[in-house]
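# the sequence and its predicted three-dimensional model are supplied below.
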Amino acid sequence: MRITQFKHTHSVALEQSNPVAVPLGEPVAVTSVTCVERNDGVETGIWECTPGRWRRQIEQQEFCHFIKGRCTFTPDGGEPLTIEAGDALMLPANSTGIWDIHETVRKTYVLIF
């Protein structure tokens, strides 16, 4: 059995930083992440994103818990969801839509392949 623990998730240094893949205007948001991929169809980690607007195109089902920041997610064909630190979210597989990051957000996440 492999146990993954992230302590003090609000201050963990993140390993990778990249601009979002599909930005929608300026400023272009930058994401940073540290993650653990397992061989059983699960990935978990800590993800952060700076302010900006962009299109979500993740195919996997995702559970996430927001640690800091404020944003809005508008699923394609749905109503906007306002998300703040302390909120948790379950996104079904193939959930697409628009992220609008108002204040840098940080979340823990689990992707299920």
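Received, thanks. The shown structure was predicted, so the numbers you read here are calculated from the model rather than taken from an experiment.
# helices of this structure, start to end?
With DSSP state H, there are no helices along the chain.
# quick check, central residue of this protein?
Trp47 (5.5 Å; C-alpha atoms, centre = their mean).
# and the closest residue to that residue other than its chain neighbours, what does it touch?
Counting by C-beta to C-beta, 6 or more residues apart in numbering, Val33 is the residue found nearest to Trp47 once chain neighbours are left out, at 4.7 Å. Backbone N, C-alpha and C define where each C-beta goes, glycine included. Listed by C-beta atoms under 8 Å, 6 or more residues apart in numbering, the contact partners of Val33 are 14-16, 45-48.
# and with 7 Å instead?
If a contact means C-beta atoms under 7 Å, 6 or more residues apart in numbering, then Val33 has 14-16, 45-47 as its contacts.
# how about Ile67?
The neighbours of Ile67, taking C-beta under 7 Å, 6+ apart as the test, are 9-10, 85, 106-108.
# do Ser95 as well
Taking C-beta under 7 Å, 6+ apart, one finds 56, 75 in contact with Ser95.
# and which of the contacts of Ile67 is nearest to Glu62?
Lys107 (9.6 Å; C-beta to C-beta).
# next, Gly25: phi, psi?
Main-chain torsions, Gly25, degrees, to the nearest 10: phi 100, psi -170.
# circling back: compare the contacts of Ile67 and tell me which has the most neighbours.
Lys107 (24 neighbours; other C-beta atoms under 10 Å).
# quick one on the thing from earlier: reformat the contacts of Val33 as JSON lines; add distance to Gly25 and pLDDT.
Compiled in JSON lines, the contacts of Val33 are given as follows (distance: C-beta to C-beta, whole Å; pLDDT from 0 to 100):
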{"residue": "Leu14", "distance to Gly25": "24", "pLDDT": "91"}
{"residue": "Glu15", "distance to Gly25": "27", "pLDDT": "81"}
{"residue": "Gln16", "distance to Gly25": "23", "pLDDT": "79"}
{"residue": "Gly45", "distance to Gly25": "27", "pLDDT": "93"}
{"residue": "Ile46", "distance to Gly25": "26", "pLDDT": "95"}
{"residue": "Trp47", "distance to Gly25": "21", "pLDDT": "96"}
